[in-house]
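Colleague: A structural model of the following input is requested.
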Amino acid sequence: MAANPQNPAAATPRRKVSRHRGEGQWAAGHFTPLNGNEQFKKDDDGLNVRTRIETIYSKRGFDSIDPNDLRGRMRWWGLYTQRKPGIDGGKTAILEPEELDDEYFMLRVRVDGGALTTQQLRVIGEISQEFARGTADITDRQNVQYHWIRIEDVPAIWERLEAVGLSTVTACGDTPRVMIGSPVAGIAEDEIIDATPALEEMKRRVLNNPAYSNLPRKFKTAISGSPLLDVVHEINDVAFVGVRHPEHGPGFDVWVGGGLSTNPKLGVRLGAWVPIDEVPDVYEGVISIFRDYGYRRLRNRARLKFLVADWGAEKFRQVLEDEYLGGRKLIDGPAPEQPVQQWRDHIGVHRQKDGRFYVGFAPRVGRVDGATLTKIADLAEAHGSGRVRTTVEQKMIVLDVEQDQVESLVDELEALDLTARPSSFRRGTMACTGIEFCKLAIVETKQRGSQLIDELERRLPDFDEPLTINLNGCPNACARIQVADIGLKGQLVLDDRGEQVEGYQVHLGGALGLEAGFGRKVRGLKVTSEELPDYIERVLKRFQAEREDGERFAAWAARASEEALS
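Modeller: Reported below is the predicted structural model:
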């Protein structure tokens, strides 16, 4: 890959030169750090912090950790300090980092493509019970997150994980994060192409590689050959989506520049069809463009989506081809087709192409524990499987189940409150970490989401339409609130007594898929946590009363009156 491409200014209209030396793009020669984050990355590669953790911090304890390592470089190995207990949401934006920091860590384990063996899952569960007070949440990027981790225990955890082929490397930080993939890659009957070989080569090239360990900000990747579009490709920095070219056969459509947070943007197609053996080259080219041309001056503009918005797809593709693929032109290709299924989460019992079955089941808002994960591993093996998967909806799948074992596995999962036949509310509700552990959060999410499921199941037992309800503890959209049917952004609101309480700003009618779009905000619509079940019940009953035949919630919400949505 080119390490120092030319300045792209000649290909765009001239702009007034500002005094801040551009956007801090390396390709324009701006190597002087323009903020504290860029400075600590220049001072020392984040990958190097592992040695200090193993030789110094784990032996001398939390107080020995350098601040630039504590709140910076340790993220390159999946470690964030968690929120100190007892600090309410009103103080989140007021207190200094050291006042919010607990002396315990969240530790994120990469699960690229959601792929785990039962041996790996059992080790994850055992580590949870031994070192993490039982915590082991499944994220909406297929990872597993521990809490209550002591710095003294991190080297032993790494040793246990790496012994079974797992890692925490660049699970956080300004790095290539986990690569999400179809959880049924290589086994689904309707698969267009198995992306596994490409994903493995992408990992080999960039993980733990200093060439890609100092990006402007995080870099999110998705790849899937499923016609269900099951990896939320529109909201990743780069995504490869399985398509069939009329002349060249199965391959991948390339998308770039997606992302949510406080300035959401959907990814755009480059219009290029890429065969599977060329996917790693294109991937490395895209991540190199981000490294070299990405905006490093301001953190809030340092994601690839801002560069793509400024350049457009045509220029991005041209720079990719000319400067990073050695002048090789990509083949024009078709867009993916609209999925035929409304749910794309693989929940339930499904036949594999080898005649066996996979069983997808739903924990509550991704919240599991180490003991449960070890039981899932035991159950899977007892029913003939050695493989499990995590999904981008905080769900799990057991693969390779013989037909005569399916019903008993479903029943035993049900006994663990892990249902393969969930209600729409259990199936479609997600929640981020929330104020329990996250330093950015303002409100509670996990327990609230679980209680909401129970309450809606009780109030609306016959509701069976596909519906997503996403709860987020702050504006940063880790739970994808803008693209949910009902997205709930945590904030403090005033109740009927004029007192400040936990609540949510409501987004309605967001969606992903080929009709992707962001949810609608009704002016002034905020709901307290206590009022949330009443509000959702009211809106869903109006939807049922007013919907047209076959109309999805998102389509109804887009045309409904503000009164109907209030």
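Colleague: Do me a favour and get the end-to-end distance for stretch 415-422?
Modeller: Start-to-end span of stretch 415-422 (C-alpha to C-alpha, to the nearest Å) is 13 Å.
Colleague: what's the average pLDDT for that stretch?
Modeller: Averaged across stretch 415-422, pLDDT comes to 97.
Colleague: List the contacts of the residue lying closest to Asn470 once chain neighbours are set aside.
Modeller: Take Asn470 and drop its neighbours on the chain: the residue closest to it by C-beta to C-beta, 6 or more residues apart in numbering is Ala484, 3.8 Å away. All C-beta atoms are positioned from the backbone trio N, CA, C, and that covers glycine. Going by C-beta atoms under 8 Å, 6 or more residues apart in numbering, Ala484 touches Met430, Thr468, Ile469, Asn470, His507, Gly510, Gly519.
Colleague: And those, which is the shakiest by pLDDT?
Modeller: For the contacts of Ala484, the least confident entry is Gly519, with 92.
Colleague: from memory it sits against Lys489, does it?
Modeller: No. Assessed by C-beta atoms under 8 Å, Gly519 is found out of contact with Lys489, at 9.8 Å.
Colleague: Now that His30 has come up, it's in contact with Asp292, right?
Modeller: No. In this structure His30 lies outside contact range of Asp292 using C-beta under 8 Å: 10.8 Å.
Colleague: Between those two, which has more neighbouring residues?
Modeller: Between His30 and Asp292, counted using other C-beta atoms under 10 Å, the more crowded position is Asp292 (22 against 19).
Colleague: Which secondary structure state is assigned to that one?
Modeller: Applying DSSP: H, G, I helix; E, B strand; the rest coil to Asp292 yields a three-state assignment of helix.
Colleague: Next one: the nearest residue to it once chain neighbours are set aside from Ser288, what distance?
Modeller: Nearest residue to Asp292, sequence neighbours excluded (C-beta to C-beta, 6+ apart): Ala27, at 4.2 Å. Distance of Ala27 to Ser288, computed by C-beta to C-beta, to the nearest Å: 10 Å.
Colleague: Pull the number of nearby residues for Leu320.
Modeller: Using other C-beta under 10 Å, Leu320 is surrounded by 22 other residues.
Colleague: Secondary structure element holding the closest residue to it other than its chain neighbours?
Modeller: The spatially closest residue to Leu320, leaving aside those adjacent along the chain, is Gly285, at 5.0 Å (C-beta to C-beta, 6+ apart). Assessed by DSSP states H and E, Gly285 sits inside helix 279-293.
Colleague: ok, then the element right after that helix?
Modeller: Next helix or strand after helix 279-293 toward the C-terminus (DSSP H and E): helix 304-311.
Colleague: contacting residues around that next one?
Modeller: By C-beta under 8 Å, 6+ apart, helix 304-311 touches 8, 12, 219, 237-238, 256-259, 263, 265, 267-268, 286, 289-290, 293-295, 316, 319.
Colleague: at 7 Å instead, please
Modeller: The contact list for helix 304-311 (C-beta atoms under 7 Å, 6 or more residues apart in numbering) reads 219, 237, 256-259, 265, 268, 290, 293-295, 316.
Colleague: What residues sit buried inside the helix or strand just after it?
Modeller: Downstream of helix 304-311, the next assigned helix or strand under DSSP H and E is helix 313-319. Buried residues in helix 313-319, counted by 16 or more other C-beta atoms under 10 Å: Ala313, Phe316, Arg317, Gln318, Val319.
Colleague: try stretch 470-481
Modeller: In stretch 470-481, residues buried by neighbour count (16+ other C-beta under 10 Å) are Asn470, Leu471, Asn472, Gly473, Cys474, Asn476, Ala477, Cys478, Ala479, Arg480, Ile481.
Colleague: Only alpha carbons, please: show the helix holding Gly285 as PDB.
Modeller: Taking C-alpha atoms only, helix 279-293 is exported to PDB below (Å, rounded to 0.1, in the frame of the first residue of the first chain):
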ATOM      1  CA  VAL A 279     -11.200  -8.300  -1.300                       C
ATOM      2  CA  PRO A 280      -8.200  -8.100   1.000                       C
ATOM      3  CA  ASP A 281      -6.400  -5.800  -1.400                       C
ATOM      4  CA  VAL A 282      -9.400  -3.500  -1.700                       C
ATOM      5  CA  TYR A 283      -9.800  -3.600   2.100                       C
ATOM      6  CA  GLU A 284      -6.200  -2.700   2.700                       C
ATOM      7  CA  GLY A 285      -6.600   0.100   0.200                       C
ATOM      8  CA  VAL A 286      -9.600   1.600   1.900                       C
ATOM      9  CA  ILE A 287      -8.000   1.400   5.400                       C
ATOM     10  CA  SER A 288      -4.900   3.000   4.000                       C
ATOM     11  CA  ILE A 289      -6.800   5.900   2.400                       C
ATOM     12  CA  PHE A 290      -8.300   6.500   5.900                       C
ATOM     13  CA  ARG A 291      -4.900   6.400   7.500                       C
ATOM     14  CA  ASP A 292      -3.300   8.800   5.000                       C
ATOM     15  CA  TYR A 293      -6.200  11.100   4.000                       C
END
